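Participant: Sequence and predicted structure are below.
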Amino acid sequence: EAQVTQNPRYLITVTGKKLTVTCSQNMNHEYMSWYRQDPGLGLRQIYYSMNVEVTDKGDVPEGYKVSRKEKRNFPLILESPSPNQTSLYFCASSFGFNRGKMYGYTFGSGTRLTVV
Amino acid sequence: TQLLEQSPQFLSIQEGENLTVYCNSSSVFSSLQWYRQEPGEGPVLLVTVVTGGEVKKLKRLTFQFGDARKDSSLHITAAQPGDTGLYLCAGGAGGKLTFGQGTILTVHP
């Protein structure tokens, strides 16, 4: 089954304790992205990657890191989490662009992170 | 940052009614997508529109992309309780996909 798999689904952690949220896709997609979803603010892009070893900042990159060493994986790293990073996080992937038009995303099921 | 504004934010209707959700921006997008999200799950792609003036139909859902590619609408005919969910529009440009804040639709039996 074609899918984007995120782990964990739920995570409660303490301020300052480094954590990684994993994301893997099995569709050979070139484009991957991380979003956070907050009430009243919608989905905001954190980072995206157009291909292996190519990453770029989205609209809210502060406090986050990503890496794209393999095509299928795109982990999200919080080096020193803070309470304002409590949110619902989504990983998504797509085939990217064709003549300037963007293909649709396939989203993971989300990771609900609470930082206390 | 390109902004997409959706309206209305909340919509509560009875089964069988028609409705329209709007997605507007001051920016031009190369393509525009609509997603539906249910509680506890990630958004699911409904449609992508790429040409100004384009109209796409998906059963009782009709999607339209504005002539200037700055706005879009989603029209649902004869809404059903199964249509309940969060509807999101998203515009693509410059390697990024920007989402609107969403419209929460509730269809009562």
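Facilitator: Done, it's in. Treat the numbers as computed from the prediction; the structure is a model and nothing was measured.
Participant: who touches B:G102 in this structure?
Facilitator: Taking Cβ atoms under 8 Å, 6 or more residues apart in numbering or on different chains as the criterion, B:G102 is in contact with A:42, B:6, B:9, B:37, B:86-88. All C-beta spots, glycine's among them, are computed from the backbone N, C-alpha and C.
Participant: List phi and psi for it.
Facilitator: Taking degrees, to the nearest 10, you get phi 100, psi 160 for the backbone angles of B:G102.
Participant: Same check on B:K70?
Facilitator: Dihedral pair for B:K70: phi -110, psi -10, per degrees, to the nearest 10.
Participant: That one and B:N24 touch, don't they?
Facilitator: Yes. Distance between B:K70 and B:N24: 7.1 Å, which falls inside the contact criterion (Cβ atoms under 8 Å).
Participant: What about residue 101, how many residues nearby?
Facilitator: If you meant another chain, say so; for now it's chain A. 15 (other Cβ atoms under 10 Å in any protein chain shown).
Participant: actually it's chain B I care about, not the one you picked
Facilitator: Residues within reach of B:Q101, counting by other Cβ under 10 Å, total 19.
Participant: repeat for B:Q37
Facilitator: B:Q37 is surrounded by 20 other residues when neighbours are defined as other Cβ under 10 Å.
Participant: Burial check on residue 27, number of neighbours?
Facilitator: Answering for chain A, as no chain was given. 13.
Participant: I was after chain B.
Facilitator: Neighbour number of B:S27 under other Cβ under 10 Å is 13.
Participant: swap in A:P81?
Facilitator: Applying other Cβ under 10 Å, we find 22 other residues in the vicinity of A:P81.
Participant: That one: what secondary structure?
Facilitator: Here A:P81 is coil, with the state taken from DSSP: H, G, I helix; E, B strand; the rest coil.
Participant: correct me, but it touches A:Y89?
Facilitator: No. A:P81 is not in contact with A:Y89 according to Cβ under 8 Å; the separation is 11.6 Å.
Participant: filter the contacts of B:G102 to the buried ones?
Facilitator: Applying 16 or more other Cβ atoms under 10 Å in any protein chain shown to these, the neighbour count classes A:42, B:6, B:37, B:86-88 as buried.
Participant: Identify the farthest-apart pair in these.
Facilitator: The most widely separated members of the buried ones among the contacts of B:G102, counting by Cβ to Cβ, are B:Q6 and B:Q37 (12.8 Å).
Participant: Which neighbours do the two have in common?
Facilitator: Taking Cβ under 8 Å, 6+ apart as the contact rule, the neighbours common to B:Q6 and B:Q37 are B:87-88, B:102.
Participant: Out of those residues, which is nearest to chain A?
Facilitator: Compare each of the shared contacts of B:Q6 and B:Q37 with chain A using Cβ to the nearest Cβ and the shortest gap goes to B:G102, at 5.7 Å.
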